[in-house]
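Q: what follows is a predicted protein model with its sequence.
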Amino acid sequence: MSITENGETQNISQRSPWGIEDVDVDAYFARIGYEGPRDTSVDTLRRLHRLHLAAISFETVDIGLEIYTPITVSFLQEKFVKRGRGGCCVEHNLLFAAVLEALGFNVRRYLGRVRRGDSTTVRFRSHATLVVEAEGRHFLADVGFGDEGPLFPVPFAHDGRITVGEWTWRLVHEDEDRDVWLLQSLHPDGWFDVYAFGTETVAPVDMEVSFYYTATNPRSVFTGHITAQRGEDNVRHVLRDHTLRTLHPDGRKEEELLTTEQVLEQLRERFLITLSEEETASVREYLNIER
C-alpha cells in the first residue's frame, strides 16, 4: 500500500506499469479540442487520433538543447497539455496510449525500425507505435511519426489502407513467420517504406532505453538539431534548424532558409509550439551558433 498526495491509500500492485492512472483525460481533451463521447468506438478513436495530430506537433526542441526529460505519463501530461509543447514518437504515443486505455480501449505498444525508403539498412528499434482494438477490430494508431505518419488509424490487416486528403497509407504483413508489419505511404513513384515493427511484448523500460538513445546518442538523427514536423491533408512541413521544407503529394518540394526569428515564428505559428521566455532564449542562442 502507499499514500497518495491527497492522503488516500492506493494498492501499488493495481497500478498500470505504464502509469495510465496519472493521465488527466479532461485536460487532454481540452488541449486537443475534443468534445465527443467517451466510448471505445472506431469513430472516437479516429477523432482523437486526428485531433491530437492537429493540435500537437512532432518536435525535438529539448533534444536539440540537450535537455533529457522523463517519459512518465505525469511528465508528458505536464509537458504536452499544460505547457503546450510537443515531442517525439515515444512521448506522443505513450501519452495517447494512456488516454485511450483510460477510456477503456485495449492498447498494445510496440517498437519499430524506421526505414524512410531504405529497406537495406537495419536501424535500432527507435520508433514507438500502437495497435488499438475498437469494436472488435484492430488498428495501427500512430500520432508520433511526424510528417510521414498516418493522419487516421490504419486497419491492422495485410493491405489495410487509408486515404486522407491526397495521402495514402497501407500496412503490409512483410514477414508472417516473425510477424513483422510494414507501414508504407504512397509517393508519386510508388510505395515508400515508412517503418517496420514486430509484435514482441514491449515493457516500459524498453521505451525508456529507446528514448534515451534517440535523445542522447550522437548517431541519432535528432541529437544536435531542433526539428519540428507536421502533416496535413495536402501538404507536409519539416523544419530542421534553419531550413523549412514543404512537401506536396505530387512530389514537389520547396526549401526555404530562415532567420532565427523566422524559425521561432514557425515553431509558434505553423507548428503550434508554446515556448516559455527561457525556452525561447535558449532556442535563439542555439540557432545563432554557427555550425
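A: Ah, there it is.
Q: any weak-confidence spans in the protein?
A: Residue ranges of the chain with pLDDT under 70: 1-13, 290-291.
Q: give me that answer again for 90
A: Low-confidence segments of the chain (pLDDT under 90): 1-15, 117-124, 289-291.
Q: now the helices for the stretch 101-250 of the chain?
A: 204-216 (DSSP state H, counting those that start in this stretch).
Q: tell me where it has strands.
A: Taking DSSP state E, counting those that start in this stretch to define them, one finds strands in the stretch 101-250 of the chain at 106-114, 125-134, 137-141, 154-155, 161-164, 167-175, 180-187, 190-198, 227-231, 236-240, 243-247.
Q: now for V164, how many residues are close by?
A: 15 (other C-beta atoms under 10 Å). Where C-beta positions appear, they are placed from N, C-alpha and C, glycine not excepted.
Q: ok, now which ones touch it?
A: P150, L151, F152, D233 (C-beta atoms under 8 Å, 6 or more residues apart in numbering).
Q: one more time with 6 Å, if that's ok
A: V164 makes contacts with L151, F152, as judged by C-beta atoms under 6 Å, 6 or more residues apart in numbering.
Q: from G251, how far off is it?
A: Per C-beta to C-beta, to the nearest Å, V164 is found 18 Å from G251.
Q: kindly report the same for L51.
A: 29 Å.
Q: what's the answer for D193, then?
A: For D193, the distance to G251 - C-beta to C-beta - is 17 Å.
Q: look at the two and report which has more neighbours.
A: A count of neighbours by other C-beta under 10 Å puts D193 above the other of D193 and G251, at 18 against 9.
Q: and that one, what are its bridge partners?
A: Here D193 sits in beta bridges with Q184, going by DSSP bridges.
Q: wouldn't it be in contact with D118 here?
A: No. Look at D193 against D118 with C-beta atoms under 6 Å: they stay out of range, at 7.4 Å.
Q: give me phi/psi at N93?
A: When read as degrees, to the nearest 10, the backbone of N93 gives phi -80, psi -30.
Q: which secondary structure element is home to A97?
A: Assigned by DSSP states H and E, A97 belongs to helix 89-103.
Q: same for that helix, what does it pack against?
A: Contacting helix 89-103 under the criterion 3 or more C-beta pairs under 6 Å, 6 or more residues apart in numbering; DSSP states H and E are the following elements: helix 73-76, strand 106-114, strand 125-134.
Q: which non-adjacent residue is nearest G36?
A: Residue nearest to G36 in three dimensions, not counting chain neighbours: R47, with 5.8 Å by C-beta to C-beta, 6 or more residues apart in numbering.
Q: give me the three-state assignment for that neighbour.
A: helix (DSSP: H, G, I helix; E, B strand; the rest coil).
Q: report the contact partners of the residue minimising distance to the centre of the chain.
A: Nearest to the mean C-alpha position of the chain, counting by C-alpha atoms, centre = their mean, stands G144 at 1.3 Å. Applying C-beta under 6 Å, 6+ apart to G144 gives the contacts C89, H92, N93.
Q: I'd like the residues you listed as a markdown table, with distance to T243 appended.
A: Below are those laid out as a markdown table (distance: C-beta to C-beta, whole Å):
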| residue | distance to T243 |
| --- | --- |
| C89 | 21 |
| H92 | 23 |
| N93 | 26 |
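Q: buried among these? Need that as a selection in PyMOL.
A: Those of the contacts of G144 that count as buried under 16 or more other C-beta atoms under 10 Å are selected in PyMOL with:
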select buried, resi 89+92+93
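Q: would you mind measuring from T40 to T120?
A: Counting by C-beta to C-beta, the gap from T40 to T120 is 40 Å.
Q: quick check: the gap between the closest residue to L130 other than its chain neighbours and L171.
A: Counting by C-beta to C-beta, 6+ apart, A141 is the residue found nearest to L130 once chain neighbours are left out, at 4.5 Å. Distance, A141 to L171, using C-beta to C-beta: 12 Å.
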